[in-house]
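Student: sequence and predicted structure are below.
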Amino acid sequence: MSHEIPTTPQTDPAETILAALAHGMTGHPEKALPLLNSIIAGGERPSVSLCSALAEISAAEARKTLPKDGHFGLLMLNTDTGKRGNIDEAPAGIRFAMQFSTAWGNNDQQTAYALFRALIESGDDQAAEALATGIRCLFDMAVITLREKTGRTT
């Protein structure tokens, strides 16, 4: 039985996402991204489902530690100053990933889907680039979460 991580798209999107995350966790995101592209190529529904799956991975553990009536959120720091940053100053794709993840983490799927639709609404190259950046950010957040949970560094 081989323990090789697949590098070609899987039939089942869940298997594809798991294979991509495995590549990310082993320090090979360049092998993961083509797998995710196979899902994105399926259109809006598979793409938003991918975003949802990645956001769920990032939010699930954090939600477990929230106090009653607590809210999930992300803190943005300015890397130059070390002080709290302004989400409105983040590039569109990163802003989308942070807002989508926060909405998803608070079980507000309606807002998460609205954020996705607003991002892709224009259908132009700029929207496609922002979506690609946002998905990469959600992927990186999921990989970091899984590494923390497993204690794995690469």
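Tutor: Nice, I can see it. Please read all numbers here as calculations on a predicted model, not as lab measurements.

Student: break down the protein into its helices, ranges please.
Tutor: Ranges of helices in the chain, per DSSP state H, are 13-25, 29-40, 44-64, 92-105, 109-120, 125-150.

Student: pick the most buried one from those helices.
Tutor: Mean neighbours per residue, mean count of other CB atoms under 10 Å, is largest over these for helix 92-105, with a mean of 22. (C-beta placed from N, C-alpha, C; glycine too.)

Student: that one - contacts with which helices or strands?
Tutor: For helix 92-105, the elements it packs on are helix 44-64, helix 109-120, helix 125-150, judged by 3 or more CB pairs under 8 Å, 6 or more residues apart in numbering; DSSP states H and E.

Student: and the shortest one, what does it pack against?
Tutor: Spelled out, it's helix 109-120. Helices and strands touching helix 109-120, by 3+ CB pairs under 8 Å, 6+ apart, are helix 44-64, helix 92-105, helix 125-150.

Student: so which of those comes closest to residue 112?
Tutor: Of all those, helix 92-105 sits nearest to residue 112, with 4.1 Å by CB to CB.

Student: and the closest one, how far out from the chain's middle?
Tutor: Relative to its parent chain, helix 92-105 has a centroid offset of 8 Å by CA atoms, centre = their mean, to the nearest Å.
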